[in-house]
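No sequence on hand, only this structure:
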Ligand code: IPM
Ligand code: MN
């Protein structure tokens, strides 16, 4: 029995989740079908329970083999104080499931190369790298405080990292590089930050165990520049939480198709979280416009990494390739000469090709 948690999410997220679920239903083993459990997190949970991730919903997530998420948040919850915002639910879920490693691939689809904002001479060299982002440490989870000092407010966000936290994400970085083109860049700011200097120290130790991987470091400001200047130089980037948040948005944008990129977050146990990297697109909610592909590809990653169903994962990915080859496009990736389809029809086309 394979237990899958479904977080339907906010805005246009339920529309993409519906298509991902159709694909999962179609691909499951009829003798041993998936057992689904709906989990409320984000804006939906704020509305239902006044809390973006109540303990009972976290407990449900912890009881699954894997969890699939669409996207959360939206203007409706914008005014709420920090701890009640939908985003806090996602952070608590990451922490509760101990998902310390987040893989965010940046890969250009040849069928969609025209959609990249970069010049053709740059995209022609290829874009195929992955950002391995540390997900439950650093400034996101450090001590936070806003207090009055000498008649004005002072806010502090601490950014702690301990050796074991750096080492476990470092290993994922090296292992990921080992399975790819064997090039790892650790992105930091060790000319300024103590945490970065500790990252360097731990990585210098680790690299001895991975002599087959070409290892280097790069300052985060330079990395932001290099990602648009020559993205072909990167294979695997490993970095701390906040740098990874910023760089992965930049990296997704240069592929020209943020609606196509899935991600996986994994931790100590097999129970991972799989989600598109895009947001909940509340502006087009309910219009059958949003691109379901990133969510469907996230379901494929879930099958591959979380549920040991490599063959089924590959079948979904091939179906998506075929649909793109056939020229079907949702509005976000539509170009002259291709066929515009809505969310549901994109799901239909993928199902036809499974
Ligand atoms: C992401 C998002 C989250 C983050 C927000 C929603 C808290 O931007 O998954 O990248 O900053 O990690
Ligand atoms: Mn982000």
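All right, it came through fine. Just so it is clear, the structure is predicted and the values come from calculations on it, not from any experiment. Ligands and ions are numbered 1, 2, ... in the order given.

Leaving out the residues flanking it, which one is nearest to the closest residue to ligand 1 within the stretch 1-150 of the chain?
Nearest to ligand 1 in the stretch 1-150 of the chain, going by C-beta to the nearest ligand atom, is residue 87, at a distance of 3.8 Å. (Each C-beta comes from the backbone N, C-alpha and C, glycine too.) Using C-beta to C-beta, 6 or more residues apart in numbering and skipping residues adjacent in sequence, the residue nearest residue 87 is residue 73, 5.9 Å away.

Secondary structure class of the one you found, three-state.
The assignment at residue 73 comes out as coil when based on DSSP: H, G, I helix; E, B strand; the rest coil.

any idea how far residue 247 is from the residue in the stretch 251-354 of the chain that ligand 1 sits nearest to?
For the stretch 251-354 of the chain and ligand 1, the shortest gap (C-beta to the nearest ligand atom) falls at residue 277, measuring 6.9 Å. As judged by C-beta to C-beta, to the nearest Å, residue 277 and residue 247 stand 12 Å apart.

for stretch 264-280, which positions count as buried?
If you call a residue buried by 16 or more other C-beta atoms under 10 Å, then stretch 264-280 has these buried ones: 264-267, 271-280.

quick one: terminal-to-terminal distance for that stretch?
17 Å (C-alpha to C-alpha, to the nearest Å).

now do stretch 104-124
Note: stretch 104-124 ends 21 Å apart using C-alpha to C-alpha.

can you list the residues that contact it?
With contacts defined as C-beta atoms under 8 Å, 6 or more residues apart in numbering, stretch 104-124 is touched by 126-133, 228-232, 244, 248, 251-257, 260-263, 277, 321, 324-325, 333, 335.

Mind checking which of those are buried?
Buried members of the contacts of stretch 104-124, counted by 16+ other C-beta under 10 Å: 127, 129-133, 231, 244, 248, 251-257, 260-263, 277, 324, 333.

ok, the spatially closest residue to residue 21 that is not a sequence neighbour - contacts?
Among residues not flanking residue 21 along the chain, residue 6 sits closest, at 6.8 Å (C-beta to C-beta, 6+ apart). By C-beta under 8 Å, 6+ apart, the residues touching residue 6 are 17, 21, 36-39, 67-68.

hang on, isn't the residue of the stretch 251-354 of the chain closest to ligand 1 packed against residue 248?
Yes - the pair residue 277 and residue 248 passes the contact test of C-beta atoms under 8 Å, sitting 6.7 Å apart.

pretty sure residue 6 belongs to a strand, no?
Yes - read with three-state DSSP, residue 6 is one of the residues of a strand.

roughly how far apart are it and residue 302?
Residue 6 is 11 Å from residue 302, by C-beta to C-beta.

between these two, what contacts are shared?
Residues touching both residue 6 and residue 302 by C-beta under 8 Å, 6+ apart: residue 68.

sorry, back to before: distance check, the residue nearest to residue 21 against residue 177.
Residue 6 is 32 Å from residue 177, where distance means C-beta to C-beta.

ditto for residue 130
9 Å.

Tell me the residues on the stretch 1-150 of the chain that lie near ligand 1, please.
Where the stretch 1-150 of the chain comes near ligand 1, counting by C-beta under 6 Å from any ligand atom, the residues are 87, 90-91.

Any of these buried? List them.
The neighbour-count test (16+ other C-beta under 10 Å) marks 90-91 as buried among these.

Would you reformat the residues of the stretch 1-150 of the chain next to ligand 1 as a markdown table and include pLDDT and secondary structure?
Below are these laid out as a markdown table (pLDDT from 0 to 100; DSSP: H, G, I helix; E, B strand; the rest coil):
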| residue | pLDDT | secondary structure |
| --- | --- | --- |
| 87 | 95 | helix |
| 90 | 96 | helix |
| 91 | 95 | helix |
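
Now do the same contact list for the residue nearest to residue 64 when sequence neighbours are not counted.
Take residue 64 and drop its neighbours on the chain: the residue closest to it by C-beta to C-beta, 6+ apart is residue 5, 3.9 Å away. Neighbour list for residue 5: 36-39, 60-61, 63-64, 66-68 [criterion: C-beta under 8 Å, 6+ apart].

Return the subset of the residues you listed lying in helices.
Counting by DSSP state H, these place 60-61 in helices.
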